[in-house]
Structures are given as C-alpha cells and as structure tokens.
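> take this sequence and fold it.
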Amino acid sequence: MDNLITFSITVFTGFFAITNPISNMTVFLSLTQGANEKTKRDINKRANVIAFIIVTVFVLLGKFIFELFNISIPAFKITGGILIFFIGFDMLQSKQSNVKSLEHVHIDENIAVSPLAIPILAGPGTIVTAMNFVSNVEIIHIVLVIAIFGSMSLLTYFTFRISDLIVKIVGHNVISVIGKIMGLIIAIIGTGMIIQGIKISFNLIAS
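Numbers count the residues shown, from 1 in each chain. Predicted coordinates for the structure are as follows:
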C-alpha cells in the first residue's frame, strides 16, 4: 500500500509539472481572447477530453508500441529523459518550448484539438512521462496512472474555467515564477529517468 501511495504521489507530481495547468492557463487565455463564455467552455472541455483520450491510448498501448518497434525500456527512459529535461530547461530559461509555440491562431473550436489538446496538454513530454510511469509495471499501476491523469485533466479544466480570475488575483509575474519552478521539477524528472535508464542498462538495479 505504501508503495502505491508513493507511486501515486510521484505520478501526480510528474503530471502536474509537465502539464502545468497554471502556466498553460495563460496560453488558453491568449488562444480564446475575444471569444464568448460558451465558446471558451466548449473549447476547454473538448481540449481536455481529447488530451485525456490521447494519453490513455498511449498508456494502454505502450507495451505494444515497445514490442512493435523493438524499443527497450532503458533506451526509452534515456531518450524520454533527455526530451523532458530540455522541455524543463526551456521553461527555466523563460522560453516557450518549441512544441508550444503559438502565434496568430484564429478563434474557432478546432483550436481545442490543435494546438490546445495537441501538443499543449498532450504533447511529447506528457506522453513520454505517462509511458515512463507504465513501463514494466503491474495493472494496478496502469489504472492509477490513467486515474491520476484524469484528475489532472479535471484540474486543468477548472483552472481554465477560472483563468481570468486567477490572472487578475495573482498577476502574470507570479505565474511566470510558478512556470520556472515547474520547469525545474520537469528537468529533475528527466534527469532521474536518464539515471534510471543507465542503471538498468548496466544491471545496477532490477529492471
């Protein structure tokens, strides 16, 4: 039971850092600027549902994808760790990750699919993080990962719903600081994945 609690906390922290609802809230506001409340709600709901479906598919089919492309767990952890590290590093440098660069997006409900659901909410970093959590684990862990990402999607949905109020209360500077802290956490998670992959490669820990 203790192991499951520790695993759940780790998964939640990882997803919270990589999806970063507070930071992405400003992206949502910029994408939906000028839209009425109904359009904002529809885009918000659709984006989070699609993101949840995408991540769930990768979580459930992760093992099949590994076998299909003959991907080893150590190679995945090292490569995924490098990718996640650089996403976090960009955030620390106050840069928008390349997968989240947004300019001149027209307001229509299609932005719920792209770029909001893909790649902002369910981008490479999120997918890699999810697949890392379910690599070489039992069914209960897979169920926990899906449930926790589902709760994260709900949290993101409600954060977007009250985004105008949050920005008005805390200000853009505080949100920027939160983004940097999340970037540090993401970079640490990426480094941990790399170290774990190297240890497994050289049989320094049980795979």
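> biggest helix in this protein by residues?
In the chain, assigned by DSSP state H, the helix with the most residues is helix 163-201.
> output the contacting helices and strands for it.
Using 3 or more CB pairs under 8 Å, 6 or more residues apart in numbering; DSSP states H and E as the contact test, the elements touching helix 163-201 are helix 2-19, helix 21-31, helix 73-92, helix 124-133. To be clear about C-beta, it is placed using only N, CA and C from the backbone, and glycine gets the same treatment.
> flag every buried residue along the last one.
I take that to be helix 124-133. Across helix 124-133, burial judged by 16 or more other CB atoms under 10 Å covers 124-133.
> adding mean pLDDT and distance to V49, write the helices and strands packed on helix 163-201 out as TSV.
Conversion of the helices and strands packed on helix 163-201 to TSV gives the following (pLDDT from 0 to 100; distance: least, CB to CB, whole Å):
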stretch	mean pLDDT	distance to V49
helix 2-19	90	14
helix 21-31	80	15
helix 73-92	81	24
helix 124-133	84	15
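> got the ones you listed as JSON lines, with distance to G192 columns?
JSON lines is the format used below for these (distance: least, CB to CB, whole Å):
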{"stretch": "helix 2-19", "distance to G192": "10"}
{"stretch": "helix 21-31", "distance to G192": "21"}
{"stretch": "helix 73-92", "distance to G192": "7"}
{"stretch": "helix 124-133", "distance to G192": "10"}
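> highest mean neighbour count out of the ones you listed?
The highest average neighbour count among the helices and strands packed on helix 163-201, using mean count of other CB atoms under 10 Å, belongs to helix 124-133 at a mean of 24.
> now it against helix 73-92, angle please.
Here helix 124-133 points in a direction 140 degrees away from that of helix 73-92 (axes from the mean of the first three to the mean of the last three CA atoms, to 10 degrees).
> could you point out which of the buried residues of helix 124-133 is nearest to I189?
T129 (7.2 Å; CB to CB).
> I'd say that closest one and F16 touch.
No - with contact defined as CB atoms under 8 Å, T129 does not count as touching F16 (10.6 Å).
> one step back: out of the helices and strands packed on helix 163-201, nearest to V57?
The minimum distance between V57 and the helices and strands packed on helix 163-201 falls on helix 124-133, with 9.5 Å, by CB to CB.
> just after the closest one, pick out the following helix or strand.
Next in sequence after helix 124-133, counting helices and strands by DSSP states H and E, comes helix 139-161.
> follow-up on the earlier one: give the buried residues for the longest helix of the chain.
By neighbour count with 16+ other CB under 10 Å, helix 163-201 contains the buried residues 163, 166-167, 175, 178-179, 182-183, 185-187, 189-190, 192-194, 196-197, 200.
> now it against helix 21-31, angle please.
Angle, helix 163-201 to helix 21-31, by the same axes, to 10 degrees: 130 degrees.
> quick one: which of the buried residues of helix 124-133 is nearest to F64?
M131 (11.3 Å).
> my read: the closest one touches L60, true?
No - counting by CB under 8 Å, L60 is not a contact partner of M131; they are 10.4 Å apart.
> contacts for stretch 178-186, please.
With contacts defined as CB atoms under 8 Å, 6 or more residues apart in numbering, stretch 178-186 is touched by 13, 16-18, 20, 22-23, 84-85, 87-92, 94, 125.
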